[in-house]
Structures are given as structure tokens and as C-alpha cells.
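Visitor: could you work out the structure for the sequence below:
(one chain, ligands or ions: 1)
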Amino acid sequence: MPIFTPARRWQPPYYGFKREKPSRRALAATERVIKGALFGCRMCGNCLLQETAFICSMECPKGARNGPCGGSTSEHCYVDPTRPCIWYKIYERAEKLGRSEKLLEVLPPLDWDKVGTETWGDVWEQMRKVGVKKFFGGILSKETRHTAWESVFEPVRQPDWWQGDAVYHAPTYNEPISELERRLKAGEFVVTAEVAPPLTSATKKLCTNVNLVKPYVAAINFTDSPSATARMSSWACSIMALQNGAEPVMQIAARDRTRVGLQSEVLGATALGVKNILCLSGDNARMGPSPMSRLDVIDIDSIQMLWILRRMRDEGKYLDGREMKFPPKMFLGAAASPYASEPRFQAIREQKKVNAGAQFFQTNLVFDADRLDIWLNELAKRDVLDKVYILIGITPIKSLKMAKYMNNEVPGITIPDPLIKRLENAGDKVEEEGVQIALELIEKVKTKPGVNGIHLMAVGWEEIVPRIVREAGLLPVGFVEPPAMPKEPAKEKKLKLEPAAVPVVAPTVSTN
Ligand code: SF4
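Guide: Residues are numbered from 1 along each chain as shown. A predicted model of the protein is given here:
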């Protein structure tokens, strides 16, 4: 190799040189000029413009290719407030053009081999396979237009290794996989609770909290580095929960996974006894501390995770098509965000998650029980309620500061003014007021059709979980009073909930 290699600077970092035919290169340049000018095309090489109302979804900083994250609003993107949420725009335009149902198709992750190259060549190849004359003959007639169009474009956007569609795929097993699933299937109104993973490698507090909460809940969630801030991994906490006789819900954020990492981690976790898995996109690295990690390492989104895992379980196949003799058994969950964007838009996203494989939802925090009805109605209209179990996110607010922080800063969470007023008036009894508000909310949501339980996110206040469950009248069937927990020899310093500590839990399900 010569000492000076100026030409190599055109090679993108970490990618090998790829020799494309001159004709393909010319086509790519043409596509870049035309689609770039018309649609802001980013040359992902895996074009989905027709499915996204002709708006390039590659503008989304979280790389979401299947709909908005839980932080989406009509005003701006929650990651980059200088621009609108591109998915909100896509939903709005799709609605105007009467193309909303197109948004239901589960779209594949990028084939990175194609990134930066053209899509038109693939379309032309497919047209030749179908027959150019047949294709154009087909699209000229109103009756055959859709079929002719899809005969070319469907195989291009849905390669053999993905085969995504817009229909519901019922699980192919009958016996419940986990205790959480068993209780839900039996019609119990269940409670799940979140226990915060430790910030260090010490596990004493984690085990204490697991044992404290265990008798009162069906399963315990462990977050996966919320706010893009490193903590003990969700799968390690899940294994420790199993060792302490509790059933975990292992949360996995797409943010830190490639498709290979996801599949191998899930195989490992299920082999060790984890049975409930919750798929999330995860908070963007911009939400995390400095120095910021790479923002463009995006391989899959939460809907693609569900699709991949459901197929592993029900079809016994890896994403690359390899068959599995002993597929993993798992009860699949997803986050849902009733107040993130317009409920009718959210419902499309939720339906897509259910179609992809979500069997239960744990929602973002709910403080307005009446508004929840709008979202539930939208799900009912989409015939989703009998296909997914819904657990409503509830938190006991511990301080006024925390309430204001969540209301103002955490996307997808709205606390009505009267509740803020109550907390203001509570003075030094704010914790008790927070508990009463949580109990009132539980009372209101538990009778709503379509609601199957609650998910308690106690923000580092796990000791309150037993009281809330007891006073809400939600002790599990067959509950046995646990022996009193041994007192700590030395009193631990009380955890002070400053706003900075809030994202530890609040965005856990907000950025789904
Ligand atoms: S709000 Fe979420 S979905 Fe919308 S553009 Fe930003 S990151 Fe993407």
C-alpha cells in the first residue's frame, strides 16, 4: 500500500469499499438529485416513501421506521426541539391523503448493504420479473391498479427475510408462558411494579426491594438504562429477581441493540428463566449525560424487535432465516403512550405493535383517568382491546417538584392543574397526597373496559408499593402475608427525589 492514499478519504468510516456498476452509480446519483429535492431523501437504499405518505422517515433522530416514539407531539420532536416530529407529520399527511391504513404494515429494518445506494434499480428488476407490459397494463385499469402496483413494490419493501404485513398474528401456543400471562389469562386484575436497577454493582438494596415488592405483584419490571444513563443491566436484575423467587419483566431498549445482539440476548435470558420481555425504543443518547454516545447507531426499532422476537418464538426462526430446534418461550410486551400524540394516531401505532407481537402493554404514567377513555375508545375502534392486556402506569407523586418536572419536561406525561393544586396545598403532607391521588386514579381506571391491571412506577419509593396494593384492594389471589422484613442495622440516608432523579423512571415507558 502506498504511503499517500488520498482517494481513500471518500470511504465512509467503518465501511469497506463497495464496487458498484457505473450504471448503478449513475442511477443512485439521479435518485439522490430527484428524490433529495422532492422528498428530502436520505438515500437509505431501503425506500419506504409510499408507506410514509411521501415523507422521508429517515429524518427521525431515533431512526423509527414504524411510527412515532412515545415522545412525539404536534409541536416538536422530543429529541430535537428545533424541528417537528417527522412521524407526526407523516400521520397527519397520511390521514389527509386517506393512507392511514398503510401505516399499519410492519416495515423492515435497514439492509445496511444497501444504505447509500439506489432503490430504483431494485424496482426495475422486480418490474422485469413481473413483466413490464403486464405491470403498465395493470396500473392503467382501476380494478387491477393496486394488484399490479403491489406486485412490484411489495417484494421490494418486504424482502424474504422480513415478510412484514399489516395483520394480527395470534400466538401459536396455548399454555401461558409466564405467571404474569397465566394471571392475565385467568382474568385477574394484576399489578406489576418497577424496581430501579442499582447504580453500582452492589445488589443488597435491589434484593431487598425485590423481596419487599414480590408478594404484592405478578411481576417486577427492570428498566434498561432509562434516560440513556448506564445502570445495572435489566437482564442481570431479572436473573437476580428469579434467584429471589420473583418473576421479572426484562425491558430491552432498541437503542443499545443490533439485530444480532437482540436475538442472542433474548436466547440467553430465556434460557436462564426470563419469560416476560418488554420491547422499547429507549431514550435517545441526547437525553443522557456527557460525553454523548453515537446517535447514528440505530439498527432496529421497538416494533421490529417485537416482530423479530415473535417470529423466533412462533416460527422458530432467526431473522436470517436459520431454523431453531428449541425456540425461546416468551410473553412479549410493549410500552404504550396514551397521551403522547393524538389518541387516534397513537392507536395506529399501538395496533401495529399488537400486530407485530405485543401481548401486553404497560402504559406511560396516567394522571387523567377521563382522558384515558379517548385512547381506549380509539383502540376499541381498531379492534385491539381483546388482543392485548393493558396495564396502566401509575406513580405515587412524592414531591411537588417531581410533579412539575414530569408535567413540564417528560414527553407524554400530563398532570392536570387540579392535581398540581392539590399537591401545592398539601404542604409537608405532599407524599400522603401523592399516595391518595394514586389510589383515586387506580379506583377510576380499574373498572374501565380494556384495562387489565396497573403498572406501579414508584420512582425509587418501592416501600410504598405494599401499602398502595393493599389499600387499592388489589392483593393478588392467594396472597400470603409475608413475614416482617428485618430492620436495617443502620438507618440508610433517605433518597431525596430531586427533579434530576425523575428521569430514572419517568421516561422508562415514555419513549416507546
Ligand atoms: S419525536 Fe420521536 S418519533 Fe418523532 S421525530 Fe422525534 S424521535 Fe422521531
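Visitor: which outside residues touch stretch 306-313?
Guide: Residues from elsewhere that reach stretch 306-313 (C-beta atoms under 8 Å, 6 or more residues apart in numbering): 106, 162, 164, 169, 171, 173, 259, 262-263, 266, 277, 279, 300, 317-319, 324, 327-330, 332, 334, 353, 356-358. Just so you know, the C-beta spots here come from the backbone N, C-alpha and C atoms, and that holds for glycine as well.
Visitor: please list only the buried members of those residues.
Guide: 106, 162, 164, 169, 259, 262-263, 266, 277, 279, 300, 317-319, 327-328, 330, 332, 334, 353, 356-358 (16 or more other C-beta atoms under 10 Å).
Visitor: the contacts of stretch 306-313 in strands, which ones?
Guide: 277, 279, 332, 334 (DSSP state E).
Visitor: looking at residue 511 now. What's its pLDDT?
Guide: Residue 511 carries a pLDDT value of 53.
Visitor: compute the first-to-last residue distance for stretch 191-202.
Guide: Criterion C-alpha to C-alpha, to the nearest Å; first-to-last residue distance in stretch 191-202 is 27 Å.
Visitor: returning to that earlier point: could you dump the ones in strands among the contacts of stretch 306-313 into TSV with pLDDT and distance to residue 58 added?
Guide: Output for the ones in strands among the contacts of stretch 306-313, formatted as TSV (pLDDT from 0 to 100; distance: C-beta to C-beta, whole Å):
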residue	pLDDT	distance to residue 58
277	98	28
279	97	21
332	98	27
334	98	23
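Visitor: could you tell me which residues of the stretch 51-200 of the chain lie near the ligand?
Guide: 60-62, 64, 68-69, 71-72, 77-79, 85-87 (C-beta under 6 Å from any ligand atom).
Visitor: at 8 Å what do you get?
Guide: The stretch 51-200 of the chain has residues 59-64, 67-73, 76-80, 83-88 near the ligand, with proximity defined as C-beta under 8 Å from any ligand atom.
Visitor: would you show me how to pick out the buried ones of these in ChimeraX?
Guide: When burial is assessed using 16+ other C-beta under 10 Å, the buried subset of these is captured in ChimeraX by this command:
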select :59,60,61,62,63,64,67,68,69,70,71,72,73,76,77,78,79,84,85,86,87,88
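Visitor: could you list which of the residues of the stretch 51-200 of the chain next to the ligand belong to helices?
Guide: Taking DSSP state H, the ones among those that sit in helices are 86-88.
Visitor: so where's the stretch 51-200 of the chain shaky on pLDDT?
Guide: Applying pLDDT under 70 to the stretch 51-200 of the chain flags no residue at all.
Visitor: mind listing the helices for it?
Guide: 86-96, 120-130, 132-140, 142-157, 179-185 (DSSP state H, counting those that start in this stretch).
Visitor: in the last one, which residues are buried?
Guide: The neighbour-count check on helix 179-185 (16+ other C-beta under 10 Å) flags 179-181, 183-184 as buried.
Visitor: what are the contacting residues of stretch 415-426?
Guide: So stretch 415-426 is contacted by 367-368, 397, 400, 403-404, 406-407, 430, 432-434, 437 (C-beta under 8 Å, 6+ apart).
Visitor: swap the cut-off to 7 Å and go again
Guide: Stretch 415-426 is contacted from outside by 367-368, 397, 400, 403, 406-407, 430, 433-434, 437, using C-beta atoms under 7 Å, 6 or more residues apart in numbering.
Visitor: just the closest of the residues you listed to residue 250, please.
Guide: residue 406 (24.8 Å; C-beta to C-beta).
Visitor: ok, residue 195 - contacts?
Guide: 206, 209-210, 213, 220, 222, 462 are the contacts of residue 195 under C-beta under 7 Å, 6+ apart.
Visitor: all strands for the protein, in order.
Guide: Using DSSP E, strands in the chain cover 190-194, 219-222, 248-253, 276-280, 331-336, 360-365, 389-394, 453-456.
Visitor: could you redo these as TSV and give each row distance to residue 295?
Guide: Formatted as TSV, the strands of the chain follow (distance: least, C-beta to C-beta, whole Å):
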stretch	distance to residue 295
strand 190-194	27
strand 219-222	25
strand 248-253	14
strand 276-280	17
strand 331-336	21
strand 360-365	23
strand 389-394	27
strand 453-456	29
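Visitor: what parts of this protein come near the ligand?
Guide: Going by C-beta under 8 Å from any ligand atom, the residues of the chain near the ligand are 59-64, 67-73, 76-80, 83-88, 284, 411, 511.
Visitor: let's see that with 6 Å instead.
Guide: 60-62, 64, 68-69, 71-72, 77-79, 85-87.
Visitor: for residue 124, grab the count of nearby residues.
Guide: 15 (other C-beta atoms under 10 Å).
Visitor: how about residue 98?
Guide: 8.
Visitor: roughly how far apart are it and residue 169?
Guide: 26 Å (C-beta to C-beta, to the nearest Å).
Visitor: wait, doesn't residue 253 sit right on residue 285?
Guide: No: the criterion here is C-beta atoms under 7 Å, and residue 253 misses it with residue 285 at 11.0 Å.
Visitor: and the residue of the stretch 251-400 of the chain that's closest to the ligand?
Guide: residue 284 (6.4 Å; C-beta to the nearest ligand atom).
Visitor: do I have it right that that residue meets residue 80?
Guide: No: if you go by C-beta under 7 Å, residue 284 and residue 80 don't touch, sitting 8.8 Å apart.
Visitor: spit out the residues that contact the two alike.
Guide: With C-beta under 7 Å, 6+ apart as the test, residue 284 and residue 80 both reach residue 61.
Visitor: per-residue confidence at the residue nearest to residue 235 when sequence neighbours are not counted?
Guide: Once flanking residues are discounted, residue 235 sits nearest to residue 269: 4.9 Å by C-beta to C-beta, 6 or more residues apart in numbering. pLDDT recorded at residue 269 is 98.
Visitor: ok, residue 269 - contacts?
Guide: Residue 269 touches 235, 238, 250, counting by C-beta under 7 Å, 6+ apart.
Visitor: now swap in residue 189 and tell me
Guide: Listed by C-beta under 7 Å, 6+ apart, the contact set of residue 189 reads 446, 452-453, 474.
Visitor: for this structure, which helix is longest?
Guide: Using DSSP H, we find that the single longest helix of the chain is helix 22-39.
Visitor: quick check: residue 248 vs the ligand, distance?
Guide: 27 Å (C-beta to the nearest ligand atom, to the nearest Å).
Visitor: and for residue 58?
Guide: For residue 58, the distance to the ligand - C-beta to the nearest ligand atom - is 10 Å.
Visitor: ok, for that residue, nearest residue in space, not its chain neighbours?
Guide: residue 42 (3.9 Å).
Visitor: tell me the pLDDT at that neighbour?
Guide: The per-residue pLDDT of residue 42 was computed as 86.
Visitor: and for residue 2?
Guide: So, for residue 2, pLDDT stands at 79.
Visitor: ok, it - how many residues close by?
Guide: Around residue 2 there are 5 residues (other C-beta under 10 Å).
Visitor: go on, residue 228?
Guide: Neighbours of residue 228 (other C-beta under 10 Å): 21.
Visitor: from residue 351, how far out is the closest residue to residue 66 other than its chain neighbours?
Guide: Leaving aside its sequence neighbours, residue 66 sits nearest to residue 303 (C-beta to C-beta, 6+ apart; 3.9 Å). Per C-beta to C-beta, residue 303 is found 11 Å from residue 351.
Visitor: the two: which is more packed in?
Guide: residue 303 (28 against 24).
Visitor: residues making contact with stretch 319-327?
Guide: Applying C-beta under 7 Å, 6+ apart, the set of residues contacting stretch 319-327 is 161, 259, 263, 308, 312-313, 316-318.
Visitor: of these, which is the nearest to residue 153?
Guide: residue 161 (17.3 Å).
Visitor: show me the contacts for the closest one.
Guide: With C-beta under 7 Å, 6+ apart, residue 161 has these contacts: 319-321.
Visitor: do I have it right that residue 63 meets residue 298?
Guide: Yes: contact criterion C-beta under 7 Å: residue 63 and residue 298 qualify, at 3.2 Å.
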